[in-house]
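Novice: mind looking at a prediction? Sequence and model below.
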Amino acid sequence: MKHGAFAILPLALGAAVYGFAFGLLAAQVGFPWWGIGLMSASVHAGSSQIVAVEQFASTQTVFGAALAGAALNLRYIGIVASLSDVLAGLSLRARLLAIHITGDENWALTMAERAKSPDIGAQFLLGSGFVMISVWTVSTTAGAVVGAVLPDLESFGLGFAFTAAFIAMARGLWRGRSQMLPWVVAAAATVAVVSLGLPKAYAIVVGTLCGLVFLVIRRRTERVDA
């Protein structure tokens, strides 16, 4: 656990920066600091929190905000499935805890370290996960506290922090040209739904599903050709 906690520190520092920015802007649209802290500790999914808060701020619709966040979190189905060997042997309570504190950063780091050494397992995942959820919760809460007493931060261009965070996350998820077409299909479907004037939450869901459907069809076609 100590190994995982120290290894994740550089990534945790990066998360703290946009976590603080997220807290600032969430406070600016009316979220209380304690609500942001509670959300970070219970949801612990930066991208979905950002989208949910942005959707709620613009539409005041709880369902749309939750739907957008859930669509972004679909990737965790695959992430958790890939941890089956890592979590083997743990009690149900320990597995649920490990799943909750698993995020993009500590999952990617755990799998990378495990590829180098098969001895890396659940303890590494838990150690790095505890650091990430702690840093994320503290940084977003601190940002919300500060944001509640500052003037309109959008006038300083800080609203771009959300976009910058997604660009950084997308870059981290990029695995090469083989992903180009599914990404293009998902992006095109999302833009099309937004262009029709439908809520952005639905656009995220439609884009996600279109990208997944295209990927499944392509893989089946490749298997048939092989």
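Specialist: Noted; the coordinates are in hand.

Novice: which residues of this protein fall in helices?
Specialist: Remark: helices assigned in the chain by DSSP state H are 2-7, 9-28, 33-42, 46-59, 62-72, 75-81, 84-87, 92-100, 104-116, 122-147, 160-173, 180-195, 200-225.

Novice: least reliable of these going by mean pLDDT?
Specialist: Per-stretch mean pLDDT for those is lowest at helix 160-173 (a mean of 66).

Novice: what residues are up against the nearest residue to residue 121 once chain neighbours are set aside?
Specialist: Distances taken as C-beta to C-beta, 6 or more residues apart in numbering put residue 86 closest to residue 121, at 5.4 Å, once the chain neighbours are dropped. Every C-beta, even on glycine, is put in place using the N, C-alpha and C of the backbone. For residue 86, the contacting residues are 110, 114, 121-122, 125, by C-beta atoms under 8 Å, 6 or more residues apart in numbering.

Novice: which of those sits closest to residue 134?
Specialist: residue 125 (14.8 Å; C-beta to C-beta).

Novice: can you pull the buried residues of stretch 5-22?
Specialist: 5, 7-8, 11-12, 15-16, 18-22 (16 or more other C-beta atoms under 10 Å).

Novice: same question, stretch 181-200
Specialist: Neighbour-count burial for stretch 181-200 [16+ other C-beta under 10 Å]: 182-183, 185-186, 189-190, 193-194, 199-200.

Novice: mind putting those into TSV with distance to residue 144?
Specialist: Formatted as TSV, the buried residues of stretch 181-200 follow (distance: C-beta to C-beta, whole Å):
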residue	distance to residue 144
182	35
183	32
185	36
186	31
189	33
190	29
193	31
194	28
199	25
200	23
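
Novice: taking those, tell me the two that lie furthest apart.
Specialist: Top of the distance list for these (C-beta to C-beta): 182 and 199, 23.3 Å.

Novice: what does the pLDDT read for residue 151?
Specialist: Residue 151 is given a pLDDT of 67.

Novice: please apply the same query to the one 5 residues further on.
Specialist: Confidence per residue is given as pLDDT, and for residue 156 that number is 65.

Novice: report how many residues lie close to residue 167.
Specialist: Residues near residue 167, counting by other C-beta atoms under 10 Å, number 11.

Novice: excluding covalently adjacent residues, which one is nearest to the residue nearest the centre of the chain?
Specialist: Geometric centre of the chain, nearest residue: residue 47, 3.7 Å, by C-alpha atoms, centre = their mean. Once flanking residues are discounted, residue 47 sits nearest to residue 72: 5.0 Å by C-beta to C-beta, 6+ apart.
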